[in-house]
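*Asks:* Below are the sequence and a predicted model; questions follow.
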Amino acid sequence: MEKSAAILVRMSPDEKNIINSKAQSKGMTTGKYMRTVALSGKYVDYSELRNLNVELKRIGTNINQAVKLMNIYKEFDVGDYNSLAEQIAEVVKLVNQSMKR
């Protein structure tokens, strides 16, 4: 989409610095950040989803390691299973909390 229209917004230098900092912290240009916030009425902070993604990857690694050990030793440790179940339950809880916001 071509962006040829402009809106001049006056603000204090402090406000400008705050907006620039927020945009930079989100990995966005100032213009994209301002358009996102203005058009949606809010800005969705995806950092929580990134954190959940990291947590899911960690749990996936744990599951892979547990399954590999089960295949090698032909044993199943209930403690390991319970630990993985608790980790998955925690991620589900975090996802549900994020969805409510």
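*Replies:* Received the coordinates, thanks.
*Asks:* Determine the set of other helices and strands touching the strand or helix carrying Gln65.
*Replies:* According to DSSP states H and E, Gln65 maps onto helix 47-73. In terms of contacts (3 or more CB pairs under 8 Å, 6 or more residues apart in numbering; DSSP states H and E), helix 47-73 is packed against helix 78-100. In short, each C-beta sits where N, CA and C put it, glycine included.
*Asks:* What ranges in this structure fall below the confidence cut-off?
*Replies:* Within the chain, the segments meeting pLDDT under 70 span 43-44, 98-101.
*Asks:* Might you calculate how far the helix or strand hosting Gly31 sits from the centre of the chain?
*Replies:* Applying DSSP H and E as the criterion places Gly31 in helix 30-40. Mean C-alpha position of helix 30-40 versus that of the full chain (CA atoms, centre = their mean, to the nearest Å) differs by 19 Å.
*Asks:* same check, this time on stretch 10-21
*Replies:* Using CA atoms, centre = their mean, the mean C-alpha position of stretch 10-21 is found 26 Å from that of the whole chain.
*Asks:* How about residues contacting that stretch?
*Replies:* 30, 33-34 (CB atoms under 8 Å, 6 or more residues apart in numbering).
*Asks:* repeat for stretch 79-98
*Replies:* Contacts for stretch 79-98 (CB under 8 Å, 6+ apart): 48-49, 51-52, 55-56, 58-59, 62-63, 66, 69.
*Asks:* Please, a PyMOL command that selects the buried ones among these?
*Replies:* Per 16 or more other CB atoms under 10 Å, the buried members of the contacts of stretch 79-98 correspond to this PyMOL selection:
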select buried, resi 52+55+66
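*Asks:* could you dump the contacts of stretch 79-98 to a markdown table with distance to Tyr81?
*Replies:* Shown next, in a markdown table, are the contacts of stretch 79-98 (distance: CB to CB, whole Å):
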| residue | distance to Tyr81 |
| --- | --- |
| Glu48 | 28 |
| Leu49 | 27 |
| Asn51 | 25 |
| Leu52 | 22 |
| Glu55 | 18 |
| Leu56 | 18 |
| Arg58 | 17 |
| Ile59 | 13 |
| Asn62 | 11 |
| Ile63 | 10 |
| Ala66 | 8 |
| Leu69 | 12 |
